[in-house]
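In: Just to be clear, the model below is a prediction. Sequence and coordinates:
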Amino acid sequence: ESENLQHLLALGSELLRQDQAERAAEVLENASQLQPDEEEIWMQLAQAQLDAGNLEEAAISSEKAIEVASEPSQALLLRGEIALQANNPRGALNRVQAVLKLQTNNAHALYLLARVLEALKRPEEALVVLDKAAPMYENPLPILVERVKLIRRMQNIDAALSTLRDLSA
């Protein structure tokens, strides 16, 4: 049923879960031709293209998701992630700021903002943002590990080890 949108979306999602990003992108491209106004298709397609390392294609697909979305926060965050991976932290900053204007306590936006600030060589601000984001996560371990890495880069290994000891306690 190559023209069944629900099946194409389900197959694309499953291929993404199985780390078959290129194949997922092919399937989701077919779905996007069947229903070009469906945000979920463009989001999954952009994610598949990002996972496959096709940053330009992922940027185009995420822009289409932003265009068709009734509430574009998730699409803006994905576009920001793509910009950051494409070494465009200013572009990523624009996207994350747009989300934070609408949702000041969006944990994913704050985490992305911290990564953007670090890329912009503003580690002190990034640390403040990480501290704000961590309590918003059910499992803040990845955020806390990122915080330790940032402290190591800002200060030294001893400061990072001290932070790790505090976390383990």
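Out: Yep, it's here.

In: and the closest residue to residue 120 other than its chain neighbours, what does it touch?
Out: By the measure of C-beta to C-beta, 6 or more residues apart in numbering, the closest residue to residue 120 outside its immediate chain neighbours is residue 89, 5.0 Å from it. Quick note: C-beta positions are derived from backbone N, CA and C, even for glycine. Taking C-beta atoms under 8 Å, 6 or more residues apart in numbering as the criterion, residue 89 is in contact with 83, 116, 119-120.

In: hmm, try it at 7 Å
Out: In this structure, residue 89 makes contact with 116, 119-120, judged by C-beta atoms under 7 Å, 6 or more residues apart in numbering.

In: With distance to residue 102 added, can I get those in a markdown table?
Out: What follows is these, written out as a markdown table (distance: C-beta to C-beta, whole Å):
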| residue | distance to residue 102 |
| --- | --- |
| 116 | 17 |
| 119 | 23 |
| 120 | 22 |
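
In: which one of the residues you listed has the most neighbours?
Out: Ranked by the number of neighbours (other C-beta atoms under 10 Å), these place residue 116 first, at 27 neighbours.

In: secondary structure element for that one?
Out: Per DSSP states H and E: residue 116 is located in helix 107-119.

In: then the next helix or strand after that helix to PDB, C-alphas only?
Out: Beyond helix 107-119 in the direction of the C-terminus, DSSP H and E gives the next helix or strand as helix 123-133. Below are the C-alpha coordinates for helix 123-133, written out as PDB (Å, rounded to 0.1, in the frame of the first residue of the first chain):
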ATOM      1  CA  PRO A 123      30.000  29.200  28.600                       C
ATOM      2  CA  GLU A 124      28.900  31.100  31.700                       C
ATOM      3  CA  GLU A 125      25.500  31.900  30.200                       C
ATOM      4  CA  ALA A 126      25.300  28.300  29.000                       C
ATOM      5  CA  LEU A 127      25.900  27.000  32.500                       C
ATOM      6  CA  VAL A 128      23.100  29.200  33.900                       C
ATOM      7  CA  VAL A 129      20.700  27.900  31.300                       C
ATOM      8  CA  LEU A 130      21.700  24.300  32.000                       C
ATOM      9  CA  ASP A 131      21.000  24.900  35.700                       C
ATOM     10  CA  LYS A 132      17.500  26.200  34.800                       C
ATOM     11  CA  ALA A 133      16.800  23.300  32.400                       C
END
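
In: what's next to helix 123-133, contact-wise?
Out: Applying C-beta under 7 Å, 6+ apart, the contact partners of helix 123-133 are 107, 110-111, 113-114, 117-118, 143, 146-147, 150, 153-154.
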